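A.B. asks: Please work out how this folds:
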Amino acid sequence: MALTRRHLLASGLAAPAIMSLGLNAARAATTLKLSHQFPGGTIDEGDFRDRMCRKFAQAIAERSKGALEVQVYPGSSLMKTNAQFAAMRKGALDMSLYPSPYAGGEIPEMNIGLMPALVSSYEQAIAWKKAPVGRKLTELLDQKGIILVSWVWQSGGVASRERPLYAPSDAKGLKVRGG
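C.D. replies: You can find the predicted model right below:
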């Protein structure tokens, strides 16, 4: 298996002590490309997803003492949204803030993110990371060459033109849309 920059990043995050084993001689930084579809901004202002990517990039630079840098490409400025998953699999893109259901065409299980009301709280979502469902998603992604670096869930909902939906039984007989 070829060593990719994603593997380097994962190793760097998992074992920062390796960085200090007498390797303090001058070396060039490795710059990773992180693409996403959301509007750009700054680390303090703008779309929260772009700010999250920029804070992640800052943390990588700090933890690696400058050995790793992350360049953020917002608003699909590096590549179109739908191309990002395949580009990560091929090693043409290092990282993406990528909504999991977008990969559903290639990995049907990733459509779990579109299931309305399945995850009822952020606490439940984060608990999934170590639960069997999270381990299975991580395993499926790993088989496709994707490493899940951060576990982030964005709240979603269900809409109806007829009446508010508070419980699954409220949707009986209605056409609903989620995601």
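
A.B. asks: alpha carbons only for contacts and neighbour counts from here, please
C.D. replies: Will do.

A.B. asks: Just the buried positions in the longest helix seen in the chain, please.
C.D. replies: Assignment by DSSP state H gives helix 48-63 as the longest helix of the chain. The neighbour-count check on helix 48-63 (16 or more other CA atoms under 10 Å) flags Phe48, Arg49, Asp50, Arg51, Cys53, Arg54, Phe56, Ala57, Gln58, Ile60, Ala61 as buried.

A.B. asks: Tell me how far Val72 lies from Ala131.
C.D. replies: 31 Å (CA to CA, to the nearest Å).

A.B. asks: between those two, which one's more packed in?
C.D. replies: Counting neighbours by other CA atoms under 10 Å for Val72 and for Ala131 shows that Val72 has the greater number, 22 against 12.

A.B. asks: need the helix or strand of the protein with the lowest average pLDDT.
C.D. replies: Scoring the helices and strands of the chain by mean pLDDT, DSSP states H and E places helix 5-14 at the bottom, with a mean of 44.

A.B. asks: so after that one, what's the next helix or strand?
C.D. replies: strand 30-35 (DSSP states H and E).

A.B. asks: ok, and for that following strand, which residues are buried?
C.D. replies: Leu32, Lys33, Leu34, Ser35.

A.B. asks: what are the pairing partners of that strand, and which direction each?
C.D. replies: The strands that strand 30-35 pairs with in its sheet are strand 68-73 (parallel), strand 95-96 (parallel) (by DSSP bridges).

A.B. asks: tell me, what residue is most central in this protein?
C.D. replies: Leu97 (4.1 Å; CA atoms, centre = their mean).
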